[in-house]
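A.B. asks: Return atomic coordinates for the entry below.
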Amino acid sequence: MDKQIPNKWLVLPVIVLAANFVWRLIDESQIMRQFPFDFVNDVSSYMAQLHFLKVCGFLKFCPFWYNGFIAFKFTPPAWYFFTYPLYLLFGDVKIATYASMLLIFVLAFAAIWYFGRLFNLSRIKRLAFFLFLFANAISIGNFIRSGRIPELFAWLNFVIFAFILLWYKDRPLDKKYLLTIPFLAIIILSHQVVAVLSFVALSGLFLIKNMKEKLAIIASAAAAIAMTSFWLLPYAIGFSNSGVVGHVATAELFNFDKLNLPQNIATLIVPIALWVLFYFYWQSHNKSKKELIFFSPILLTSALLFFRLTYFVPILKYVYPDPHMVLFLFAGLFMFFKTNFSKSLNFEKLISICIIFTAMLSVAISVFYTPGFSQHTVFDAEMLTALNSVNPAEKFLILGTQKTSYSKAYYAYASTYLGLSSASGWYPEVKDNSYMTRLRSVGPSFDGRTREEFSRHTSYLNATTIISYYDGCKVLADFGWTEIKSGAVCLYSRADLK
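C.D. replies: Numbering: from 1, shown residues only. So this is what the prediction gives:
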């Protein structure tokens, strides 16, 4: 007799995860009235680019960062198109961004609820599936606290895409399989790394099908790629000359410092958990060859990550660790809820304890490791005063070391709310390597107090206004720049430089 996970085992984990999830959403709602400036902050860049979609347009020249760049040439645009109506409705990128995040979570829950019913999961199992996937410590840190909402949007579409793949794992392809085309296209246009992992999942279905169905899968994937070519082609052509080409995201797998330690511990634990879950799943499916082949691409990817070999694999080396975790969690949750544990009754109590422990540990990590929403500091107030003193006709640059606030967030705020243009900004990929090399040289020349070198670099970057802090103000004065604003945050201009 089949023995699925009893519903009662999930009650406490669901309550714990749901309570923490709701609390995090309430805490993050402060973003609707206050632009974030702290270091735990990707969302400021997305809010700025949402504004750029309105004022610059798609694939048009945008003057606000790096002395100008082509908007969305290297930024997947799907989330911005999705959220743009909310921006028009609310008139503020902060409110639109938070509303978009809530809407994506609602849609993700609806997708899991719908497909969970197709796969005969009970209501509490569907709720648990959603919470373990989107309310775990990794997801809360990435999607709510850091605000990686375009990636969240990609995972929403991945959930639908992956469930369709799972549905056709046990069925011949028919016309409804064509639904994978728009969802794969949206994933490609939402987030590059999720797109790469989506093809990993797709390859599993490809491997188990006959030749006719293999050709249909190839044709469908090609159609999705063709649909995205208006953005994907310029992106691919310009990637090799972009400022990010030398950045290999998986290099942090070898860094076990305090900042990267939790993530790297997860890259060891989660793959092992996936392998254990697959063993029980595979055993309950009579060690089916089809099941092994279908999940083999995901299992292989988990092994590459576990042994740090991903760093040496083309394309995969650009996929940073956290999205791997979401992929493994999705696959592991499906296996867990579709496993017949009647062959593993001796482990019943252990399984129950593991479910509760996993939920409690996830919430503990979220509470003690992931900070809450950060309020503006006195330093932020001074920075805003300095930004309001910048001449809109000039290009500004922020230099110096500051431990509580994020200069990139100030660039985002300045372009969005003050209409200011800067010599720097977010995302090195949007500008060519030669410009980014010169930009990276400004800081060392400033810290080293090499006046002539600093002058050459700032002239090349057209940086006529500098904002700095504390000792940096004296450096600018020694360089002969003209003081516009003094204080803990100072503003200097080279307009009157002799």
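A.B. asks: Do a quick rundown of the strands in the stretch 301-450 of the chain.
C.D. replies: Taking DSSP state E, counting those that start in this stretch as the test, the strands found in the stretch 301-450 of the chain are 395-398, 421-422.
A.B. asks: Just checking: what are the partner strands of the last one?
C.D. replies: Looking back up the chat, that one is strand 421-422. Using DSSP bridges, the strands paired with strand 421-422 are strand 395-398 (parallel).
A.B. asks: Pull the CA coordinates from the partner strand and hand them back as PDB.
C.D. replies: This file holds the C-alpha atoms of strand 395-398, laid out as PDB (Å, rounded to 0.1, in the frame of the first residue of the first chain):
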ATOM      1  CA  LYS A 395      28.400  64.100 -14.200                       C
ATOM      2  CA  PHE A 396      29.100  63.100 -10.600                       C
ATOM      3  CA  LEU A 397      31.100  60.400  -9.000                       C
ATOM      4  CA  ILE A 398      31.100  59.000  -5.400                       C
END
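A.B. asks: Could you give the average pLDDT over it?
C.D. replies: Regarding strand 395-398, the rounded mean pLDDT is 96.
A.B. asks: do the same with stretch 14-22
C.D. replies: Rounded mean pLDDT across stretch 14-22 is 98.
A.B. asks: ditto for stretch 120-138
C.D. replies: 97.
A.B. asks: Centre of the chain to it, how far?
C.D. replies: Distance of stretch 120-138 from the chain centroid (C-alpha atoms, centre = their mean, to the nearest Å) equals 20 Å.
A.B. asks: Tell me the buried residues in it?
C.D. replies: By 16 or more other C-beta atoms under 10 Å, the buried positions in stretch 120-138 come out as 121-122, 124-138. (C-beta placed from N, C-alpha, C; glycine too.)
A.B. asks: Tell me how far stretch 444-458 lies from the chain's centre.
C.D. replies: Worked out by C-alpha atoms, centre = their mean, stretch 444-458 lies 34 Å from the chain centre.
A.B. asks: quick one on the thing from earlier: now mean neighbour count and distance to residue 406 too, for the strands of the stretch 301-450 of the chain, in CSV please.
C.D. replies: Supplementary listing: those in CSV, determined by neighbours: other C-beta atoms under 10 Å; distance: least, C-beta to C-beta, whole Å:
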stretch, mean neighbour count, distance to residue 406
strand 395-398, 24, 10
strand 421-422, 25, 14
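A.B. asks: Nearest to residue 255 among those would be which one?
C.D. replies: Among the strands of the stretch 301-450 of the chain, strand 395-398 comes nearest to residue 255, with 26.2 Å by C-beta to C-beta.
A.B. asks: can you list the residues that contact the closest one?
C.D. replies: 67, 387, 390, 407, 410-411, 414, 420-424, 442, 458, 461-468 (C-beta atoms under 8 Å, 6 or more residues apart in numbering).
A.B. asks: now do stretch 449-458
C.D. replies: Taking C-beta under 8 Å, 6+ apart as the rule, stretch 449-458 contacts 397, 423, 438-439, 441-442, 445-446, 464, 466, 475, 478-480, 494.
A.B. asks: same question, stretch 424-438
C.D. replies: By C-beta under 8 Å, 6+ apart, the residues outside stretch 424-438 that reach it are 45, 48-49, 64-67, 69-70, 73-75, 239, 241-245, 247, 397-398, 407-408, 411-412, 415, 439, 457, 460-461.
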